[in-house]
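Visitor: just to be clear, the model below is a prediction. Sequence and coordinates:
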Amino acid sequence: MGKSCCAVYCTNRFSKNSELSFYRLPKAKEKRSKWITAIHRNNWNPGTEAWICSSHFVSGKKSDDPLHPDYVPSLFSFTSTTDRNLAVRNLERFLQSQKVSEKRPISRELAATALLNLRSPVSEAEVQTEETYNDITSLHEQIKSLNAECQSLRDKVHKLESELKHLTLDSSQFDDSKMKFFTGLPNLHTFMLLFSYVSSVLPVAAKQSLKPTQELLLTLMKLRLNLSEELLGHLFRIHQSTVSRIFRRWIYVMENRLDPLISCPEREDLIRNLPRCFLTYFKKKNVTPDVAHDGNPCV
């Protein structure tokens, strides 16, 4: 059986000419659990032939060092731009710390050599060399302690991020029946198709409280179920005014992006999958985003 990546929406497959590497999920229980949590597939119990490609690692390959950012894959379709930038910075810090650590053993050897060469009864040079040696030893112990503390904090952050994802609504948590009920779209694949088509013209917001996929999900839920902004704010854990801004921005973008599709024959398959409230809304040329926001677009 050929190797194919198990990450959500990743279509990479193994080929001889590809520069991608493919890795089996770890056998070690703790590390395997972290990988499965990071991949974030619903009700997933991977077998022995589950593979993930190197494109999901910041450096382009996995690492067996628990302190390395690529000890666990972190780049996925649902990873926000902020998290991607953070992962790159973490890699840069790690590589910088490795350079510093590589230099320190040399300093320690020089100090030990100086201690042997300069050994004389109660000489000032010997006392200074011993102090230098002790300082270096103390620094190494501090580094070990800080590395252990850093790893512990990373594990806690990883756990909290995982818990937060389950507390906040996200499209990746929806199966086909939930997606159809909450948005009117028949399945998650159609949702992502709509997202990829509409988000290409989405203006970048100065401050993003939600991922773009979550913003689209919020907008579709309001159009489909006519939920109040207060309830949506509670479900997505954001302020009511933020819900209003998100809804207005996406309605404006969808009106400009989807309106040409209504009379475009080659897009019939896409149009057929859109909820009926979309078609009703975008066919009414006299409806503006503000009116749709204050009233009920699902007529």
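Guide: Cool, got the structure.

Visitor: for P46, which non-adjacent residue is spatially closest?
Guide: If the residues on either side of it in the chain are set aside, P46 comes closest to L25, at 5.6 Å by Cβ to Cβ, 6 or more residues apart in numbering. Every C-beta, even on glycine, is put in place using the N, C-alpha and C of the backbone.

Visitor: neighbours of that neighbour, how many?
Guide: 19 (other Cβ atoms under 10 Å).

Visitor: and the one 5 residues further on, by the same measure?
Guide: E30 has 9 neighbouring residues, counting by other Cβ under 10 Å.

Visitor: list the buried ones in the helix or strand where it lies?
Guide: Secondary structure from DSSP states H and E places E30 in helix 29-39. Of the residues in helix 29-39, K34, W35, I36, A38, I39 count as buried by neighbour count, 16 or more other Cβ atoms under 10 Å.

Visitor: how far away from the center of its chain is the helix or strand following that helix?
Guide: As assigned by DSSP H and E, the chain's next helix or strand after helix 29-39 is strand 51-53. Remark: strand 51-53 is offset 16 Å from the chain centroid, using Cα atoms, centre = their mean, to the nearest Å.

Visitor: strand 51-53 - contacts with which helices or strands?
Guide: Applying 3 or more Cβ pairs under 8 Å, 6 or more residues apart in numbering; DSSP states H and E, one finds that strand 51-53 contacts strand 22-24.

Visitor: on that earlier part again, other SSEs contacting the helix holding E30?
Guide: helix 124-167.

Visitor: quick revisit: nearest to I143, of the buried residues of helix 29-39?
Guide: K34 (23.8 Å; Cβ to Cβ).

Visitor: what sits against the closest one?
Guide: Y71, V72, H158 (Cβ atoms under 8 Å, 6 or more residues apart in numbering).

Visitor: same check, this time on T242
Guide: Going by Cβ under 8 Å, 6+ apart, the list of residues near T242 reads S209, G233.

Visitor: quick one: the helices in the stretch 151-299 of the chain?
Guide: Ranges of helices in the stretch 151-299 of the chain, per DSSP state H, counting those that start in this stretch, are 176-183, 188-198, 212-225, 229-236, 240-258, 268-273, 276-283, 289-294.

Visitor: and these, which is most packed in?
Guide: helix 212-225 (a mean of 22; mean count of other Cβ atoms under 10 Å).

Visitor: now that one and helix 240-258, what's the angle there?
Guide: Helix 212-225 runs at 90 degrees relative to helix 240-258, counting by axes from the mean of the first three to the mean of the last three Cα atoms, to 10 degrees.

Visitor: next, format the helices of the stretch 151-299 of the chain as TSV and append distance to R154 and mean pLDDT.
Guide: Listed next are these as TSV, based on distance: least, Cβ to Cβ, whole Å; pLDDT from 0 to 100:
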stretch	distance to R154	mean pLDDT
helix 176-183	32	91
helix 188-198	30	88
helix 212-225	24	92
helix 229-236	26	91
helix 240-258	29	87
helix 268-273	41	48
helix 276-283	42	47
helix 289-294	41	38
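
Visitor: okay if I get the ones you listed as TSV plus distance to Q142?
Guide: Below are the helices of the stretch 151-299 of the chain laid out as TSV (distance: least, Cβ to Cβ, whole Å):
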stretch	distance to Q142
helix 176-183	50
helix 188-198	47
helix 212-225	41
helix 229-236	43
helix 240-258	43
helix 268-273	59
helix 276-283	60
helix 289-294	56
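
Visitor: and those: which comes nearest N90?
Guide: Taking the helices of the stretch 151-299 of the chain one by one with Cβ to Cβ, helix 212-225 is closest: 22.6 Å.

Visitor: picking up where we left off before, could you single out the nearest of the buried residues of helix 29-39 to E92?
Guide: Nearest to E92 among the buried residues of helix 29-39, with distances taken as Cβ to Cβ, is A38, at 20.3 Å.

Visitor: and that closest one, what pLDDT?
Guide: pLDDT for A38: 92.

Visitor: wait, isn't it in contact with V72?
Guide: Yes. At 5.1 Å, A38 and V72 qualify as touching, with contact defined as Cβ atoms under 8 Å.

Visitor: quick one: common contacting residues for these two?
Guide: H158.

Visitor: burial count for E49?
Guide: Neighbours of E49 (other Cβ under 10 Å): 11.

Visitor: same question for S59.
Guide: 15.

Visitor: list the contacts of it.
Guide: So S59 contacts P69, D70, L91 (Cβ under 8 Å, 6+ apart).

Visitor: select only the buried ones of these in PyMOL?
Guide: Buried members of the contacts of S59, defined by 16+ other Cβ under 10 Å, are picked up in PyMOL with:
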select buried, resi 69+70+91
